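J.: Give me the fold of what follows.
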Amino acid sequence: SKAITKCLSEIIQKQEQSLEQYEPEKVASVISNLKTEKEIQLHAKLAEIMNKTEGTSISRALKLAQEKGAGSWLTALPVQSLGFVLNKEEFRDSLCLRYGWQIPNIPSFCVCGEKNDINHTLICKKGGFVIFRHNKIRDLNAEFLKQVCYDVSTEPLLMPIDEEDFSVSGNTSDNARLDITARGLWGPFQRTMFDVRVFHPDAPSYKE
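T.: You can find the predicted model right below:
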């Protein structure tokens, strides 16, 4: 702050009656240089932490936190109607999930009998929380699509398969469904189909 306000401070100390000697371009240059220096320092600090924690869960959490869009929820507007408002406990737990920290005050064992931790909580099929997360994302995307498309529906039935032979695996049952369909996204009458997939990037199966 001293470097940024140096020019203005000198004018005040000299008791100048005008701001003719004030140089906004010089101040903007100082701000830009300070931002660059701070960014270099932060990158160096991050590199130091990554080297110290190499091969640990913290290192993996930091790498995931640097992925594009991983921090979007931190800058999202707290719009109540869209469910973007987090209370104090939810915000704390979200930070713990982001950096791989242990969430405080959780049971030592899950109701399924397994030892409880963050990884198990996110993949346990007991209680239906995995499908709850899937349905929340599905419904939110469907609401957004309704603003720009038409004929939007969730979990519509797919056309039945008679004797077609597919080279790739898939759900071929008569009651097969997908998550979302919408018309008008890529073309006026073109029907687009969406499949929502929720996964836990820090699950043990992804570490192999």
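
J.: Which pLDDT value goes with the residue nearest to the spatial centre of the chain?
T.: Per C-alpha atoms, centre = their mean, the C-alpha nearest to the average position across the chain is that of Ala70, at 3.6 Å. Looking at Ala70, its pLDDT stands at 87.

J.: Could you look up the SS state of it?
T.: coil (DSSP: H, G, I helix; E, B strand; the rest coil).

J.: Can you give me the distance of it to Pro24?
T.: The gap separating Ala70 from Pro24 is 36 Å, by C-beta to C-beta, to the nearest Å. No exception for glycine: its C-beta is placed from N, CA and C like everyone else's.

J.: Counting residues, name the longest helix you see in the chain.
T.: helix 24-52 (DSSP state H).

J.: which strands and helices sit next to that one?
T.: If you count contacts as 3 or more C-beta pairs under 8 Å, 6 or more residues apart in numbering; DSSP states H and E, helix 24-52 packs onto helix 6-13, helix 57-65.

J.: Including distance to Arg191, mean neighbour count and mean pLDDT, could those helices go into TSV?
T.: Shown next, in TSV, are these (distance: least, C-beta to C-beta, whole Å; neighbours: other C-beta atoms under 10 Å; pLDDT from 0 to 100):
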stretch	distance to Arg191	mean neighbour count	mean pLDDT
helix 6-13	61	12	77
helix 57-65	34	15	82
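
J.: could you list every residue that touches Glu20?
T.: With C-beta atoms under 8 Å, 6 or more residues apart in numbering as the criterion, no residue contacts Glu20.

J.: Make sure I have this right: it is in a strand.
T.: No - assessed by three-state DSSP, Glu20 does not belong to a strand; its assignment is coil.

J.: Do a quick rundown of the strands in the chain.
T.: Per DSSP state E, the chain has strands spanning 150-154, 180-183, 191-194. These are given in chain order.

J.: by contact count, what packs against the one helix or strand in the chain whose mean pLDDT sits lowest?
T.: Across the helices and strands of the chain, mean confidence by mean pLDDT, DSSP states H and E is lowest for helix 6-13: a mean of 77. Here helix 6-13 touches helix 24-52, going by 3+ C-beta pairs under 8 Å, 6+ apart.

J.: The helix it packs on: which residues count as buried?
T.: Val27, Val30 (16 or more other C-beta atoms under 10 Å).
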